[in-house]
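Peer 1: Starting from these lines, generate the structure:
(2 chains)
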Amino acid sequence: KAGVTQTPRYLIKTRGQQVTLSCSPISGHRSVSWYQQTPGQGLQFLFEYFSETQRNKGNFPGRFSGRQFSNSRSEMNVSTLELGDSALYLCASSLGAGQAYFGAGTRLSVL
Amino acid sequence: GIQVEQSPPDLILQEGANSTLRCNFSDSVNNLQWFHQNPWGQLINLFYIPSGTKQNGRLSATTVATERYSLLYISSSQTTDSGVYFCAVVGNAGNMLTFGGGTRLMVKP
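Peer 2: This is a model prediction of the structure:
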């Protein structure tokens, strides 16, 4: 079956703009989590959605938000982009707990 | 929150050598996974191993939950094993992975 699909793969934005990233989980998986990877901070948890509800949230400013749709697809949004938001954004899906499977990521560059 | 430490941070091997990567965690865990990050950034699942021992080809892993550590063994290393290996755990405070800092492995021909 298909894996986790993230779109787009690459994005270039300028400071102050906003961006929306998309994640389609493995069929049947109801949990979608988002992570940010930067050289300085490593891999950090952003938030998790389960059955359209945010179940857990990491320590990120309110400019980072997300949502999950009834088909379990998830989007995350970053408003008022800053240079420090340049990162690889990874999405993971799971049944609800247990093993997580990651997508290929979206690489965001903020100029 | 839970802390995860990986060692060594960097490792250089000759092709054919064996290696052991270690992951220490600070509290009890419900989930522990090992990943290999490929050059394009994707995290490839190696093992889901909250406890016990598993083997998959040249790779094996052992988690001793009571002592709060996990080990990843790579035998007869190949150049394609190069990359960054991450250990990640889920603690008792929700379904989110906390990652270690990774071990960067370089296998030379």
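Peer 1: going forward, measure contacts and count neighbours with C-alpha atoms only.
Peer 2: Will do.
Peer 1: what mean pLDDT would you report for stretch A:88-100?
Peer 2: Averaging pLDDT along stretch A:88-100 gives 92.
Peer 1: And that stretch, how far out from the chain middle?
Peer 2: Computed by CA atoms, centre = their mean, to the nearest Å, the chain-centroid distance of stretch A:88-100 equals 10 Å.
Peer 1: so how far is the first residue of that stretch from its last?
Peer 2: Terminal residues of stretch A:88-100 are spaced 18 Å apart (CA to CA, to the nearest Å).
Peer 1: Please list the residues outside that stretch that contact it.
Peer 2: For stretch A:88-100, the surrounding residues in contact (CA atoms under 8 Å, 6 or more residues apart in numbering or on different chains) are A:4, A:6, A:23, A:25-26, A:28-38, A:50, A:101-108, B:31, B:33, B:41, B:48, B:95.
Peer 1: repeat that for 7 Å
Peer 2: For stretch A:88-100, contacts defined as CA atoms under 7 Å, 6 or more residues apart in numbering or on different chains pick out A:4, A:23, A:25-26, A:29-38, A:101-108, B:31, B:48, B:95.
Peer 1: which of those count as buried?
Peer 2: A:4, A:23, A:25-26, A:29-37, A:101-108, B:31, B:48, B:95 (16 or more other CA atoms under 10 Å in any protein chain shown).
Peer 1: near chain B, which residues of chain A show up?
Peer 2: A:Gly42, A:Leu43, A:Phe45, A:Asn56, A:Ala97, A:Gly98, A:Gln99, A:Tyr101, A:Phe102, A:Gly103, A:Ala104, A:Gly105 (CA under 7 Å from any CA of the partner chain).
Peer 1: Among the residues you listed, which one lies nearest to A:Leu11?
Peer 2: A:Gly105 (11.0 Å; CA to CA).
Peer 1: State the pLDDT value of the closest one.
Peer 2: Here, the pLDDT recorded for A:Gly105 equals 96.
Peer 1: Could you report the distance from it to B:Ala65?
Peer 2: 30 Å.
Peer 1: Closest residue of chain A to chain B?
Peer 2: In chain A, the residue that lies nearest chain B is A:Ala104 (4.5 Å; CA to the nearest CA).
Peer 1: So that residue sits against B:Gln42, correct?
Peer 2: Yes. Taking contacts as CA atoms under 7 Å, A:Ala104 lies within contact range of B:Gln42: 4.5 Å.
Peer 1: for residue 24, what are its contacts?
Peer 2: Since no chain was named, I'll use chain A. A:Val4, A:Thr5, A:Gln6, A:Arg73, A:Ser74.
Peer 1: Can you look at chain B instead?
Peer 2: B:Val4, B:Glu5, B:Gln6, B:Arg68, B:Tyr69, B:Ser70.
Peer 1: just B:Ser60 next, same as before
Peer 2: B:Ser60 sits next to B:Lys54, B:Leu72, B:Tyr73, B:Ile74 when contact means CA under 7 Å, 6+ apart.
Peer 1: What segments of chain A are strands?
Peer 2: Assigned by DSSP state E, the strands in chain A fall at A:5-7, A:10-13, A:19-24, A:31-38, A:42-50, A:53-57, A:64-68, A:74-78, A:87-94, A:101-102, A:106-110.
Peer 1: Ramachandran angles for B:Thr80?
Peer 2: Dihedral angles of B:Thr80 (phi, psi; degrees, to the nearest 10) stand at phi -70, psi -10.
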